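Chemist: Pasted the sequence and its predicted model underneath.
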Amino acid sequence: MNRRFALMIDPVVADEVRDDYSDTFTTVDAAAPALSVGELSTQRGDGVFESIGVVDGHAQEVVPHLERLAHSARLCDLPVPNAHQWHQAIDSAAEQCGEGEAVIKLILSRGVEHGPTPTAWVTAAPAADFRAVRENGIRVVTLDRGYDLGAAERAPWLLLGAKTLSYAVNMAALREAHRRGADDAIFLSSDGFVLEAPTASLILRFGNRFVTPAPNGGILHGTTQLSMYDHLADRGFEVGYDRIPASDLARADAAWLVSSVRLAAPITAIDDVDVAVDHTLTAELNAYLLSPRD
Ligand code: PLP
């Protein structure tokens with residue numbers, strides 16, 4: 001896929017059922033002007049989003065992404081998106097993606113200041129080539145996220161479990177990781193527990209058990225992690241959610257950062273301590289993640 005484009009969506013209310021929503025979509029070239037200067041997503045990062053992996057024209061795990069978009073919208077007091085309408089917009093964009101890997105982003109913004117409705121659109125673009133990363137792995141450093149595990153419940157206005165457009169902190173963490181000679185980061189809570197990466201979930205392996213930090217409001221529940229857990233459980237492994245102290249990182253037999261577009265990136269070192277990589281299992285996991293998944 002070479003083309004980049006967007007479908008602007010005229011959002012209809014969540015429970016309005018139609019057979020065909022295509023008259024609510026307008027296709028625009030990615031370079032064409034499409035947003036008002038009063039748009040609150042650009043002024044304040046006030047909105048929510050999703051990034052969906054597309055493989056050979058098939059958008060992966062659309063329903064879990066739409067469910068998380070709706071969850072994020074609720075946390076942000078945004079109108080809940082109409083799942084049928086968004087699903088059709090995603091299908092229409094995915095059909096145009098062609099062969100290879102692409103990424104579809106869903107964006108639901110508070111809209112234009114004083115405007116009547118939210119602004120909604122999906123974008124489609126080629127994905128970066130992550131084949132080497134999936135094979136060779138990534139070095140990560142741990143970074144303090146600055147809040148404790150109780151913060152999400154104590155201060156819901158921090159929107160910690162929502163995938164909001166305010167990713168400046170996440171991007172700053174990646175730059176800090178690069179400054180420290182690493183490729184990526186693992187956030188730690190201020191009380192010393194493992195959270196997630198700036199754009200991915202963390203999965204650790206201890207023997208035949210795979211574990212990820214419990215998404216108890218403070219972190220996102222990853223769609224890739226959920227899908228990978230289905231696969232691992234089918235393969236007979238034990239999978240679970242835990243409160244994971246940072247000291248457990250050094251004990252892991254293997255570790256991955258997993259996300260919708262990069263898929264499973266094996267971790268080769270955490271804070272300069274080497275982590276073993278199971279190349280065979282990682283290749284199998286990525287083959288599964290690249291297969292059509294709904
Ligand atoms: N955590 C954060 C902060 C993310 O930004 C992402 C993905 O963008 C994830 C976890 C992984 O989510 P998913 O597997 O649905 O891509």
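Modeler: Yes, it's here.

Chemist: what is the rounded mean pLDDT of whichever strand or helix holds residue 92?
Modeler: Under the criterion of DSSP states H and E, residue 92 resides in helix 83-95. With pLDDT averaged residue by residue, helix 83-95 scores 98.

Chemist: in that helix, what's buried?
Modeler: 83, 84, 85, 86, 87, 88, 89, 90, 92, 93, 94 (16 or more other Cβ atoms under 10 Å). For glycine as for every other residue, the C-beta is placed from the backbone atoms N, C-alpha and C.

Chemist: Pick the one among those closest to the ligand.
Modeler: For those, the residue nearest the ligand by Cβ to the nearest ligand atom is residue 90; the value is 14.2 Å.

Chemist: Alongside the ligand, which residues does the chain contribute?
Modeler: Contact residues, the chain versus the ligand (Cβ under 6 Å from any ligand atom): 51, 196, 198-201, 220, 222-225, 258-260.

Chemist: Of all pairs in those, which one is the farthest apart?
Modeler: Spatially, the most separated pair among the residues of the chain next to the ligand is 198 and 223, at 16.5 Å (Cβ to Cβ).

Chemist: Between the two, which is the more surrounded one?
Modeler: Counted by other Cβ atoms under 10 Å, residue 198 and residue 223 do not tie: residue 223 has more neighbours, with 25 against 22.

Chemist: any idea how far residue 54 is from that one?
Modeler: From residue 223 across to residue 54, the span is 13 Å (Cβ to Cβ, to the nearest Å).

Chemist: What is the neighbour count of residue 55?
Modeler: By other Cβ under 10 Å, neighbour count at residue 55 equals 20.

Chemist: ditto for residue 240
Modeler: Residue 240: 10 surrounding residues under other Cβ under 10 Å.

Chemist: Which residue, neighbours along the chain excluded, lies closest to it?
Modeler: Excluding its sequence neighbours, the residue lying closest to residue 240 (Cβ to Cβ, 6 or more residues apart in numbering) is residue 211, at 5.3 Å.

Chemist: Can you tell me the SS state at the residue located most distally from the centre of the chain?
Modeler: Within the chain, the residue lying farthest from the chain centre (Cα atoms, centre = their mean) is residue 114, at 29.8 Å. Put simply, residue 114 is coil when judged by DSSP: H, G, I helix; E, B strand; the rest coil.

Chemist: residues contacting it?
Modeler: Counting by Cβ atoms under 8 Å, 6 or more residues apart in numbering, residue 114 touches residue 38.

Chemist: So which of the residues of the chain next to the ligand belong to helices?
Modeler: The members of those that map onto helices under DSSP state H are 223, 224, 225.

Chemist: what's the distance between stretch 109-123 and the middle of its chain?
Modeler: 21 Å (Cα atoms, centre = their mean, to the nearest Å).
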